[in-house]
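Asker: model this:
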Amino acid sequence: MHVPVSRRCFLRQGTSLALAAGFAAPRILTAESPEPIRSYRRGGMLYRRLGQTDLFVSALSFGSHVNPEYRQSTPHGSTLNEEGQARRDRHISKAIDYGVNMVDTYENAGQWQPMADLVRPQRDKTLVSICRQFPNFVGKNIDDAARLFGHVDMYRIYVGDGPGVDDKTLEDWDVMRQAKQTGKVRAIGISTHSERMMMSALDELEGLDYIMFPYNFIHARTDYSEFLPKAIQKNVGLIAIKPLAAGSIVKLDPNARPGSKPENPQIALYQNRDRPVLPAVVQKLTESLNRSPDESLCQSALRFVYSRQFITSAMPGMFQEHELDDNYAALQGHLKLSQVDHDVLDAARQLSSAVGPTWLPPHYRWLDQQWRTHA
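Answerer: Reported below is the predicted structural model:
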């Protein structure tokens, strides 16, 4: 009887003779006690190796989302007005001065050309990260980006929820692998919000260099009990997107800096004004923050992500200059959180749990709906 095997299993069988000839199998790692990612410090920045590639990515990277206050619609997506583009360019330039070397760049936000102009004088210091945004052929998308930037350092496709990687994704992946082999791309990966799809990608996408997935201190209660150990064992690079839950964690912080706000004004801790928030939880959160007066909750939240030894980089969106400064300052602290820091995060986690999933608008509700509770 014919027994179907996965694409990855088929390829693995092709290497079984080599393993039998004496090549050592990789040591099995777990998310609970992972081997630290190879890293080094330069100035005030920490750089960690991305999976098995030769890329070392800054622990803080610059996210792709742009400030909606300055966005204007175009026939193909959007762009920033002159003031908004000048602000973003200034923030990215300052981030590079801080040592940030990876900038995610969305074509449908009109950021390809501004980014190319900005990094051209210092292309060797910057890792350009691209995600296909339009439903066009992935090969053409890579060729267009490679012509503009000289090459693409990191290229990924977004993979939505579903039973697993489908044939169309496999076709795109084969084109991406070929682009990497020809030197147009240095590392290839995916972004997804679904742990089921993450697991499928680990099995089916040969040559997978990295995965971008949502990870922050509140939703780390989703322990990714299957995904993280398997990704670590396979030495796939892990990049945390939504490390501040699209900025909504600022709503948990009574001491948030002026001007700090979520990416979308609809994002709030709770939508139902008549639903009470437990005063004891708010008091505990406030007291915890008072015990660490020099650090905001957002900084503690980012330090939590920085301290995860299996995470290569945290990639928040940054719209205000002080957000960049604060996120960089968070990296300067100890990567291992103190007990006081844990108290701050635990209090905020209790607060978010008390008000339920309605603290997020519907289009971000997957942050609560799809992820399991961390014990």
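Asker: in its sheet, what does the helix or strand where residue 48 lies sit against?
Answerer: Following DSSP states H and E, the helix or strand that holds residue 48 is strand 45-49. Paired strands of strand 45-49, with direction, are strand 39-42 (antiparallel), strand 56-58 (antiparallel) (DSSP bridges).
Asker: these: lowest mean pLDDT?
Answerer: Of all the strands paired with strand 45-49, mean pLDDT reaches its minimum on strand 39-42 (a mean of 91).
Asker: please identify which of the strands paired with strand 45-49 is closest to residue 198.
Answerer: Relative to residue 198, the nearest member of the strands paired with strand 45-49 by Cβ to Cβ is strand 56-58, separated by 19.0 Å. Heads up, the C-betas are built off the backbone N, CA and C, glycines and all.
Asker: contacting residues around that closest one?
Answerer: Under the contact criterion Cβ atoms under 8 Å, 6 or more residues apart in numbering, strand 56-58 has outside partners 38-40, 45-50, 99-102, 127, 237, 239, 312-313.
Asker: of those, select the buried ones using a PyMOL command.
Answerer: To isolate the buried members of the contacts of strand 56-58 in PyMOL, using 16 or more other Cβ atoms under 10 Å:
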select buried, resi 45+46+47+48+49+50+99+100+101+102+127+237+239+312+313
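Asker: coming back round to it: reformat the strands paired with strand 45-49 as CSV; add distance to residue 66.
Answerer: CSV is the format used below for those (distance: least, Cβ to Cβ, whole Å):
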stretch, distance to residue 66
strand 39-42, 28
strand 56-58, 20
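Asker: out of those, which comes closest to residue 346?
Answerer: Residue 346 lies closest, by Cβ to Cβ, to one member of the strands paired with strand 45-49: strand 39-42, at 27.5 Å.
Asker: ok, and what's touching the closest one?
Answerer: 46, 47, 48, 49, 56, 99.
Asker: just to revisit the earlier point, state the mean pLDDT of the strand holding residue 48.
Answerer: 95.
Asker: what about the helices in the stretch 151-300 of the chain?
Answerer: 167-181, 195-204, 227-233, 279-290, 297-307 (DSSP state H, counting those that start in this stretch).
Asker: burial-wise, tell me which of those comes out on top.
Answerer: Across the helices of the stretch 151-300 of the chain, averaging neighbours per residue (mean count of other Cβ atoms under 10 Å) puts helix 297-307 on top, at a mean of 24.
Asker: alpha carbons only: can I get it in CSV?
Answerer: C-alpha atoms of helix 297-307 as CSV (Å, rounded to 0.1, in the frame of the first residue of the first chain):
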residue,chain,number,x,y,z
LEU,A,297,5.9,48.9,31.0
CYS,A,298,6.7,48.9,27.3
GLN,A,299,10.4,48.8,28.1
SER,A,300,9.9,45.9,30.5
ALA,A,301,7.8,44.1,27.8
LEU,A,302,10.6,44.5,25.3
ARG,A,303,13.2,43.4,27.7
PHE,A,304,11.1,40.3,28.2
VAL,A,305,11.4,39.5,24.5
TYR,A,306,15.1,40.4,24.4
SER,A,307,15.7,38.0,27.2
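Asker: angle of the helix or strand hosting residue 92 against strand 45-49?
Answerer: Counting by DSSP H and E, the secondary-structure element that holds residue 92 is helix 82-98. Orientation note: helix 82-98 sits at an angle of 80 degrees relative to strand 45-49 (axes from the mean of the first three to the mean of the last three Cα atoms, to 10 degrees).
Asker: so which elements touch the helix or strand just after helix 82-98?
Answerer: Next along the chain after helix 82-98, taking DSSP H and E as the criterion, comes strand 102-105. Here strand 102-105 touches helix 112-119, strand 127-131, strand 313-315, going by 3 or more Cβ pairs under 8 Å, 6 or more residues apart in numbering; DSSP states H and E.
Asker: now render these as CSV, adding distance to residue 189 and mean pLDDT.
Answerer: CSV is the format used below for those (distance: least, Cβ to Cβ, whole Å; pLDDT from 0 to 100):
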stretch, distance to residue 189, mean pLDDT
helix 112-119, 19, 96
strand 127-131, 9, 97
strand 313-315, 12, 96
